[in-house]
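> Predicted model follows, preceded by the sequence.
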Amino acid sequence: MRHLALQRGVDLAGVHGTGRGGRITRADVQRAAPGPGPRVRATPYARRLARDLGIDLTTVQGTGDDGAVRAADVHAARRAPAERPQRERAGARRRNDEPRGPAATPADNTEDRRTDAMRRAIADLMSRSKREIPHYYLSSTIDFSAAQEWLRRFNRGRTPTDRLVPAALLLKAAATAAREVPRLNGYWQKDQFVPGSAVNLGVAVSLRRGGLLAPVIHDADTLSPEDLMTDLKDLVERARRGRLRGSEVSGATLTVTNLGDQGVETVFGVIHPPQVALVGFGAVVERPWARSGMLGVRPVVTATLAADHRATDGAVGARYLTAVGRLLQKPEEL
């Protein structure tokens, strides 16, 4: 279905499945495909955004691979008519003898426009999320000593580029727990929860010039931590170079954000609609920890959950975080 959806320009996140158990069928994708007309290369999210904003994609200049239109391009096209007179008036007021700074290169201007458009797209999405989704938040501190010891044994003798980092185990635990607690893996559509047909993890990636993307690791619960690490490195590198394919930025059923590498201990995220949950992980830090009546110092990590109260309640969220903690105690089974 993913290949057909990509061909037809359909965002699977917005398709209501009519198959058994809510699965999306070929007929569902065909019904959701845009009608006849000039075909424009565009990501599924850009198509949906253009439709919502009433913007003709044929009039939008794409900045993606092979000229594909991205969401940022749609936002830029929406703002262009209002910004043009303002820029012209500002230019008319500038005195010819006014001191000027170093001229920006065309490449810099293009990158700045992309960054600004991306920030606007993120602002619109997050505003919609906080406005429409009744969030609830949970957190749990997890003993990471078993996972850290397993990583130490796994990485022994490996080169730095081949070693696993804690994020690999955290992503694997998040994906496996989503399979165990499927009420958090899916979408809120048409006033009801639609379960995801697979566990597709969106992973929040900060870009060097600012902005944020959440490329998708499909079927993440079926991958080993090593394969997850390989996919993550590849996606992060290409996300920061603007080389992601349309299928790699759509279809996430659950998003994970990990700010541990920046020293943050706890992160409470904002849900990406129409998803119903977002998982956050902080840094692995040493803390006093009591076990079997004995107090010691152990590595711990804080896992958080932001979830949609329309789809679940705190009991479901608690089961999910408990599953994540349990899975990290037996990393060799992940």
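Received the coordinates, thanks. Numbering: from 1, shown residues only.
> if I look at Ser197, how far off is Val15?
From Ser197 across to Val15, the span is 11 Å (Cβ to Cβ, to the nearest Å). Yep, even glycine has a C-beta here, placed from its N, CA and C like the rest.
> Please apply the same query to Leu235.
Counting by Cβ to Cβ - Leu235 and Val15 are separated by 23 Å.
> do Glu226 as well
32 Å.
> what sits against Ala239?
Residues near Ala239 by Cβ atoms under 8 Å, 6 or more residues apart in numbering: 205, 207, 213, 215.
> Same check on Asp56?
Listed by Cβ under 8 Å, 6+ apart, the contact set of Asp56 reads Ala50.
> Where does pLDDT dip in the stretch 151-300 of the chain?
Counting by pLDDT under 70, the stretch 151-300 of the chain has low-confidence residues at 209.
> hmm, back to that, in terms of neighbours, single out the busier of Glu226 and Val15.
Legend: neighbour count by other Cβ atoms under 10 Å for Glu226 and Val15, higher for Val15 (21 against 13).
> Chain neighbours aside, what residue packs nearest to that one?
Leaving out its chain neighbours, the residue that sits closest to Val15 by Cβ to Cβ, 6 or more residues apart in numbering is Ala32, at 4.9 Å.
> looking at it, that neighbour is touching Ile24, isn't it?
No - shown here, Ala32 and Ile24 do not form a contact pair, counting by Cβ atoms under 8 Å, at 9.0 Å.
> Can you pull the residues that touch both of the two?
Val15.
> who's more crowded, those two?
Neighbours per residue (other Cβ under 10 Å) separate Ala32 from Ile24, with Ile24 holding more: 22 against 18.
> ok, longest strand in this protein?
If you go by DSSP state E, the chain has its longest strand at strand 294-308.
> export that one as CSV, just CAs?
Provided in CSV are the C-alpha atoms of strand 294-308 (Å, rounded to 0.1, in the frame of the first residue of the first chain):
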residue,chain,number,x,y,z
MET,A,294,20.3,-1.2,49.5
LEU,A,295,21.1,2.3,48.3
GLY,A,296,23.6,2.8,45.5
VAL,A,297,24.3,4.9,42.5
ARG,A,298,23.0,3.7,39.2
PRO,A,299,22.5,5.0,35.6
VAL,A,300,18.9,6.0,35.0
VAL,A,301,16.9,7.5,32.2
THR,A,302,13.6,9.4,32.3
ALA,A,303,10.9,8.3,29.8
THR,A,304,7.9,10.6,29.3
LEU,A,305,4.7,10.2,27.4
ALA,A,306,2.4,12.8,26.0
ALA,A,307,-0.9,11.2,24.9
ASP,A,308,-4.3,12.2,23.5
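> Name the residues of that strand that come out as buried.
Under the neighbour-count criterion of 16 or more other Cβ atoms under 10 Å, strand 294-308 has 298-308 buried.
> residue ranges for the helices of the stretch 101-250 of the chain, please.
Ranges of helices in the stretch 101-250 of the chain, per DSSP state H, counting those that start in this stretch, are 106-132, 145-155, 166-180, 225-240.
> Using a markdown table, lay out the ones you listed together with distance to Gly314.
As requested, the helices of the stretch 101-250 of the chain are arranged in a markdown table below (distance: least, Cβ to Cβ, whole Å):
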| stretch | distance to Gly314 |
| --- | --- |
| helix 106-132 | 19 |
| helix 145-155 | 26 |
| helix 166-180 | 16 |
| helix 225-240 | 28 |
